[in-house]
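Engineer: structure for this input, please:
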Amino acid sequence: MSRPVTDAGKAYLEDAVTSVSGNVYAFTDKLSPITIAAAMARLSRATYSLMVSLLPATATVVGVVVLAQIPSWLEVAGVGLVVGAVALHREVRG
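Structural biologist: Now for the predicted structure:
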């Protein structure tokens, strides 16, 4: 049984669709899978894995610089663990 959308819901959806952030979200939602597929086709498995594993660190730096969002100590520790794991990783050849 469906319920009708309230006026507040309509206003929220309209703002999300017509605002700049809504358009950016819609654009990046479609752009991400395309760029990931293109990267997977061109990069080696090791290089692609490295790039993807460093995404949390990149997102944290962008958040601090662009959005002035200061991460908590727990978030910094999590990013540090990811970066440390990437640094310590050695590919097994056999």
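
Engineer: quick check: domain ranges of the protein?
Structural biologist: Following automatic domain parsing, the chain resolves into domains at 1-42, 44-94.

Engineer: mean pLDDT lowest where, among the ones you listed?
Structural biologist: With a mean of 67, domain 1-42 has the lowest mean pLDDT of the domains of the chain.

Engineer: stretch 73-80: which residues count as buried?
Structural biologist: Val79 (16 or more other CB atoms under 10 Å). (C-beta placed from N, C-alpha, C; glycine too.)

Engineer: gap between it and the chain center?
Structural biologist: Offset of stretch 73-80 from its chain centre (CA atoms, centre = their mean, to the nearest Å): 16 Å.

Engineer: and it, C-alpha only, in CSV?
Structural biologist: Taking Å, rounded to 0.1, in the frame of the first residue of the first chain, the C-alpha atoms of stretch 73-80 are listed here in CSV:
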residue,chain,number,x,y,z
TRP,A,73,41.0,10.9,16.1
LEU,A,74,39.2,7.6,15.4
GLU,A,75,38.8,8.5,11.7
VAL,A,76,42.5,9.6,11.5
ALA,A,77,43.5,6.3,13.1
GLY,A,78,41.4,4.4,10.5
VAL,A,79,43.0,6.2,7.6
GLY,A,80,46.4,5.6,9.2
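
Engineer: list the contacts of the helix or strand where Gly80 lies.
Structural biologist: Here Gly80 sits within helix 73-88, counting by DSSP states H and E. If you take CB atoms under 8 Å, 6 or more residues apart in numbering as the criterion, helix 73-88 is touched by Leu50, Ser53, Leu54, Pro56, Ala57, Thr60, Pro71.

Engineer: among those residues, the buried ones, what's the ChimeraX command?
Structural biologist: Filtering the contacts of helix 73-88 down to the buried ones (16+ other CB under 10 Å) takes a single ChimeraX command:
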select :56,60
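
Engineer: inside helices: which ones of the contacts of helix 73-88?
Structural biologist: Leu50, Ser53, Pro56, Ala57, Thr60 (DSSP state H).
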